[in-house]
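Visitor: Output the structure for:
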Amino acid sequence: MDILSIFGVLLGFSAILGGNFLEGGHLASLVNIPALVIVFGGTLGATFLHFPPKVILHSIKVLWLIVRPRKLSLKNQIDKVVRWSSLARKEGLLGLEVAVDKEQDPFAKKGLQLLVDGNEPEVIRDCLDVELNAIEYTEIQAAKVYEAMGGYSPTIGILGAVVGLIHVMQNLANPELLGAGIATAFVATIYGVGFANLLFLPIANKLKLQAYMLLQAKEMMLEGITAIAEGENPRNIELKLSGYIQ
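Guide: This next block holds a predicted model:
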């Protein structure tokens, strides 16, 4: 579990609330349902219009990566590729059929099947490149959903502020109604900027980092499988792939 992400969210919101308290404010002063509806609802509406349903659903599915990142061990993957290479040199590419049946990763399984079928290294690389590009698009688009929310949220907050000021102007003759409109105006701005910079944009950047780590692991697997197809020595393959480990 990524404790730092949880700590970061709690620290960010605690700093805002704590600063408000030190200034003599109260929690109730930052709670405004109309402002929340305007900012959060408006941001979601703009985001739903921006992206197709498939991307939205995937962005929700990968949100758990913020607190539970994928367990990607490049060292274990290198060891696996070296074992495949040694097996291919001893028994030929057909000897990898057992590895195909046991492999759980669809990307690696596809590469192994291409190997067993006797395809040329260039064909294997092209096929896996297409798969890699599809994975990259899917993962990066999920991150861009939250990046877009981080862009829309402050603007919607300004719209909420304008709505609150309109309410104020319409009730200048009724001083008892002015407080609600002014509160909505200022709190909507806080919500818009706060959600963007404390939640949406950090989530987008964390998901991009997770995507790049996944792509690095897939790219390393692609290079390893291609090296096996080219008949490289297992030791050379290990040295080559070790460059991915930093």
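
Visitor: tell me the contacts of the residue positioned nearest the centre of the chain?
Guide: A centroid search over the chain (Cα atoms, centre = their mean) returns Leu207, at 2.1 Å, as the residue closest to the centre. By Cβ atoms under 8 Å, 6 or more residues apart in numbering, Leu207 lies in contact with Ser59, Val62, Leu65, Ile66, Glu139, Ala142, Ala143, Tyr146. Where C-beta positions appear, they are placed from N, C-alpha and C, glycine not excepted.

Visitor: Would you mind checking which of these is nearest to Asp117?
Guide: Glu139 (27.7 Å; Cβ to Cβ).

Visitor: what's the closest non-adjacent residue to the closest one?
Guide: Ala211 (3.6 Å; Cβ to Cβ, 6 or more residues apart in numbering).

Visitor: rewinding a little: most neighbours, which of the contacts of Leu207?
Guide: Ala142 (26 neighbours; other Cβ atoms under 10 Å).

Visitor: check which helix or strand covers the nearest residue to Leu198 once chain neighbours are set aside.
Guide: Closest residue in space to Leu198, ignoring its immediate chain neighbours: Gly12 at 4.3 Å, by Cβ to Cβ, 6+ apart. Here Gly12 is covered by helix 3-22, with elements defined by DSSP states H and E.

Visitor: Alpha carbons of that helix, as PDB, please.
Guide: The C-alpha trace of helix 3-22 is given here as PDB (Å, rounded to 0.1, in the frame of the first residue of the first chain):
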ATOM      1  CA  ILE A   3       1.000   5.100   2.500                       C
ATOM      2  CA  LEU A   4       2.600   8.300   1.200                       C
ATOM      3  CA  SER A   5      -0.400   9.000  -1.100                       C
ATOM      4  CA  ILE A   6      -2.900   8.700   1.800                       C
ATOM      5  CA  PHE A   7      -0.700  10.800   4.000                       C
ATOM      6  CA  GLY A   8      -0.400  13.400   1.200                       C
ATOM      7  CA  VAL A   9      -4.200  13.800   0.900                       C
ATOM      8  CA  LEU A  10      -4.700  14.000   4.600                       C
ATOM      9  CA  LEU A  11      -1.900  16.500   5.000                       C
ATOM     10  CA  GLY A  12      -3.100  18.700   2.200                       C
ATOM     11  CA  PHE A  13      -6.700  19.000   3.500                       C
ATOM     12  CA  SER A  14      -5.500  19.200   7.100                       C
ATOM     13  CA  ALA A  15      -3.300  22.100   6.200                       C
ATOM     14  CA  ILE A  16      -6.300  24.000   4.700                       C
ATOM     15  CA  LEU A  17      -8.600  23.200   7.600                       C
ATOM     16  CA  GLY A  18      -5.800  23.900  10.200                       C
ATOM     17  CA  GLY A  19      -5.000  27.200   8.600                       C
ATOM     18  CA  ASN A  20      -8.600  28.200   8.600                       C
ATOM     19  CA  PHE A  21      -8.800  27.300  12.300                       C
ATOM     20  CA  LEU A  22      -5.700  29.300  13.100                       C
END
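
Visitor: Same question for the next helix or strand after it: list its buried residues.
Guide: Counting by DSSP H and E, the element after helix 3-22 in chain order, helix or strand, is helix 33-36. Residues of helix 33-36 classed as buried by neighbour count (16 or more other Cβ atoms under 10 Å): Pro34, Ala35, Leu36.
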